[in-house]
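Colleague: Test case, fold it:
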Amino acid sequence: MLHVCSLSKLPETVAATGAKSVVTLINAEMHVPTPEGIVPEQHLNLSFNDIVDPVDGLVPASEQHIEQFLTFIQSWDRQAPLVIHCWAGISRSTAGAYVAACALNPEADEYQLAELLRTRSPSATPNARIVAMGDRLLGREGRMIDAIRGIGRGANAFEGTPFVMPID
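Modeller: Just a heads-up that it's a prediction; the model follows:
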């Protein structure tokens, strides 16, 4: 199972789910220690800001970040849950969950996965930059981008509610 949450819900989500792998998508200045129960090799920490276009002084997600993310996701043995989190559990982590679902289900319909994401997380507003790079790297020919545009911006929220993104 693939679980998504905010930073504030990370320890309880890992504990409640029995996760053995974690992906952190957060600003470089935020130090996120490896949660209890996770071995350091199973904690991927990617540091970039939640922006779509470059902004002076901020770090946008790069293709190298998304390649590292995809390598980690595709090497996940699926024997125990994996948690993806960001600061609020709304943008970077939901984009990561969507990209992961597309990567782990290469034959799945991008539009159905986007609708499933919306159903599971009404506040999800996936980072368009992450989705676009995932689309390109996975050879989805713009369908992931269109599908996420189709679900629109999520409901306003300070913090997303933890959810499960089905992956098979």
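Colleague: quick one, strands of the protein?
Modeller: With DSSP state E as the criterion, the chain has strands at 2-6, 21-26, 43-47, 82-86, 163-165.
Colleague: Residue 133 contacts residue 61, doesn't it?
Modeller: Yes - here residue 133 reaches residue 61: they are 6.7 Å apart, a contact under CB atoms under 8 Å. Bear in mind the C-beta positions are built from the backbone N, C-alpha and C, glycine included.
Colleague: which of the strands of the chain is buried the deepest?
Modeller: strand 82-86 (a mean of 27; mean count of other CB atoms under 10 Å).
Colleague: and that strand, what other elements does it pack with?
Modeller: strand 2-6, helix 10-17, strand 21-26, helix 92-104 (3 or more CB pairs under 8 Å, 6 or more residues apart in numbering; DSSP states H and E).
Colleague: Can you say which of the ones you listed is nearest to residue 36?
Modeller: Nearest of these to residue 36, taken as CB to CB: helix 10-17 at 7.1 Å.
Colleague: relative to strand 82-86, how tilted is the closest one?
Modeller: Angle, helix 10-17 to strand 82-86, by axes from the mean of the first three to the mean of the last three CA atoms, to 10 degrees: 160 degrees.
Colleague: and residue 60, what are its phi and psi?
Modeller: Backbone geometry at residue 60, expressed as degrees, to the nearest 10, gives phi -80, psi 160.
Colleague: All set now, cheers.
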